[in-house]
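In: I would like the atomic coordinates for the input below:
(one chain, ligands or ions: 1)
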Amino acid sequence: MYGLVNKAIEGLICSQAGEGVWAQVKQKAGIEENYFVSMNPYPDEVSYKLVGAASEVLGLSAEEVLIQFGEYWVLYTAQEGYGNLLAMTGHDFRGFLFNLDNMHAQVGLGFPELKPPSFRVTENSPEELTLHYYSDRAGLSPMVIGLLHGLGKLMNTAVHVKQTAHHAQGADHDEFLVQYRPI
Ligand code: 1MF
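Out: The predicted structure is shown next:
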């Protein structure tokens, strides 16, 4: 994944637990780099190892770290140069979700090593939809739950999410039931 992802993991851990804990996490993950470059692609393994090490050092499950990371990612990218990208993607929670594949296509134009997931939306009622998530990467569905909560914060929308199908348990893909309401 692009270094931006690893930088955001660093930002999450430093903001929550401090630089000393980040140094411990990096050491436990066996990461030699002193810093990550946003626009350089890194093996996915680097990000997975950081999440695993953060889970051990912080005493949280990896799922909990991924949920927190997803929420942090949206707020981090909104502040670290991607505010326009997010604004172009949508001005409300629902519209944003419909445009996620377009957003990734946009980023992928400049950065061919992007391996974006794909999202589909089916609407159940004015305040409820099902989000379908397709990814080549395993184990990241908790991150999607966090991403949706972060997006809710960004869009002043109360969000309730429940995963209703699990690719890891044999389903065709991951599905989330999402209830949302403007605040
Ligand atoms: O393959 C990748 O490196 C990659 C990195 C980040 C693919 C996707 C993403 C974004 N996505 C992370 C979850 C991926 C889970 C999976 O692979 O199954 C989150 C998508 C998302 C969902 C809801 C709301 C907002 C979201 O993301 C906003 C976003 C998405 C991509 C970027 C920024 C904000 C981005 C921008 C530049 C990138 C990489 C990602 O690369 C750079 C960075 C600096 C300079 C040049 C290129």
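
In: make it CA atoms for all contacts and neighbour counts henceforth
Out: Fine.

In: Show me which residues of the chain are close to the ligand?
Out: 1-2, 4, 38-39, 74, 77, 82, 107, 111, 114-117, 135, 137, 140, 147 (Cα under 6 Å from any ligand atom).

In: Mind checking which of those are buried?
Out: Neighbour-count burial (16 or more other Cα atoms under 10 Å) applied to those gives 1, 2, 4, 74, 77, 116, 135, 140, 147.

In: Checking the residue most central in space within the chain next. Helix, strand or coil?
Out: Note on the chain: the residue nearest the mean C-alpha position is residue 70, at 3.6 Å, using Cα atoms, centre = their mean. Assigned with DSSP: H, G, I helix; E, B strand; the rest coil, residue 70 falls in the helix class.

In: Out of the buried ones among the residues of the chain next to the ligand, give me the two with the largest separation.
Out: 77 and 135 (20.4 Å; Cα to Cα).

In: distance of residue 64 from the ligand?
Out: 15 Å (Cα to the nearest ligand atom, to the nearest Å).

In: Show the average pLDDT along the helix or strand hosting that residue.
Out: According to DSSP states H and E, residue 64 maps onto helix 62-79. Over the span of helix 62-79, the pLDDT mean works out to 98.

In: after that helix, next one along is what?
Out: Using DSSP H and E, the helix or strand that follows helix 62-79 in sequence is helix 83-89.

In: quick one: secondary structure of the spatially closest residue to residue 85 that is not a sequence neighbour?
Out: Of all residues not flanking residue 85 in the chain, residue 103 sits nearest, at 7.3 Å (Cα to Cα, 6 or more residues apart in numbering). Here residue 103 takes the helix state, with states given by three-state DSSP.

In: Residue 114 should be in a strand, yeah?
Out: No: counting by three-state DSSP, residue 114 falls outside a strand, being coil.

In: Burial check on the residue nearest to it when sequence neighbours are not counted, number of neighbours?
Out: Distances taken as Cα to Cα, 6+ apart put residue 108 closest to residue 114, at 5.6 Å, once the chain neighbours are dropped. Residue 108 has 14 neighbouring residues, counting by other Cα atoms under 10 Å.
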